[in-house]
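**Q** sequence first, then the predicted structure:
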Amino acid sequence: MKKGILTIILAFSVFVIMAQDYSRLITAFSDSYSKEKAGKYAEAVSALKACYDANSYEINLRLGWLTYLQGQFTESMNFYRKAIDLMPYAIEPRLGVVLPASSLGNWDEVISQYNKILEIDPNNTVTLYRMGLISYDKKDYTQALLKFEKIANLYPFDYQSVLMLAWTNYRLGNYREAKVLFNKALFYSPDDASAKEGLSLIK
């Protein structure tokens, strides 16, 4: 009987501690959002570091973002990488880590993370679009075409991907396809200067 009562007391104590911890964490997150909104990024970071837990995916993810806003790119990458280690199949920390990585000019890391995202989620349109832009900037129009074409097949009325698919076709000399796509871009944005420029180049 005494053993049963002791077990109940211990279980209740653990519940109370957990409730207190959750309450403390929620307050810390709330405080960090308020400070971020006010542009007080250092204070937002301090609010979360006061209850930092290396095994918390959410805290590491949030600190990755806040330290990025502070311009502390190396520290930001470290927090995002901890979040990735904790949840390897999560997309958001990988999209997060490319922000400080690109700010540091670490394009190998950026491309590596994008490739990993596409392994996990082959139809991730954000990543497909960004990889398309990287290929386009490198003048690798064949690879860019594959990325933009995939997005346009998933979202045929997506303005940005249709416009970039038009320009990519133009660069590849596929003028008929480019003309059709530039006109489709104008369905979405009738006064779009880029689409009109593209059409003016096609004789």
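**A** Right, received. Where do you want to start?
**Q** quick one, helices of the chain?
**A** With DSSP state H as the criterion, the chain has helices at 2-37, 41-49, 57-70, 73-86, 92-103, 107-120, 125-137, 141-154, 159-171, 175-188, 193-201.
**Q** mind putting those helices into CSV with mean pLDDT?
**A** Listed next are those as CSV, based on pLDDT from 0 to 100:
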stretch, mean pLDDT
helix 2-37, 65
helix 41-49, 94
helix 57-70, 96
helix 73-86, 96
helix 92-103, 97
helix 107-120, 96
helix 125-137, 97
helix 141-154, 97
helix 159-171, 97
helix 175-188, 96
helix 193-201, 96
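**Q** the ones you listed into TSV, with extra columns for mean neighbour count?
**A** Bear in mind the C-beta positions are built from the backbone N, C-alpha and C, glycine included. As requested, the helices of the chain are exported to TSV (neighbours: other Cβ atoms under 10 Å):
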stretch	mean neighbour count
helix 2-37	12
helix 41-49	19
helix 57-70	21
helix 73-86	20
helix 92-103	20
helix 107-120	15
helix 125-137	18
helix 141-154	18
helix 159-171	22
helix 175-188	17
helix 193-201	15
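**Q** go ahead and flag the most central residue of this structure.
**A** A centroid search over the chain (Cα atoms, centre = their mean) returns residue 95, at 3.0 Å, as the residue closest to the centre.
**Q** break the chain into its domains for me.
**A** For the chain, automatic domain parsing gives the domain ranges 29-104, 122-203.
**Q** and the ones you listed as CSV, adding distance to residue 112?
**A** As requested, the domains of the chain are exported to CSV (distance: least, Cβ to Cβ, whole Å):
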stretch, distance to residue 112
domain 29-104, 9
domain 122-203, 12
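**Q** for residue 116, find the nearest of these.
**A** Among the domains of the chain, the nearest to residue 116 by Cβ to Cβ is domain 29-104 (6.1 Å).
**Q** first vs last residue of that closest one, how far apart are they?
**A** 27 Å (Cα to Cα, to the nearest Å).
**Q** same deal with stretch 180-199?
**A** 9 Å.
**Q** can you name the residues in contact with stretch 65-80?
**A** With contacts defined as Cβ atoms under 8 Å, 6 or more residues apart in numbering, stretch 65-80 is touched by 32, 36, 41-42, 44-45, 48, 60-61, 63-64, 93-94, 96-97, 99-101, 103-104, 109.
**Q** the same query, at a cut-off of 7 Å, please.
**A** The contact list for stretch 65-80 (Cβ atoms under 7 Å, 6 or more residues apart in numbering) reads 32, 36, 41-42, 44-45, 60, 63-64, 93, 96-97, 99-101, 103-104.
**Q** tell me how far residue 166 lies from residue 90.
**A** 34 Å (Cβ to Cβ, to the nearest Å).
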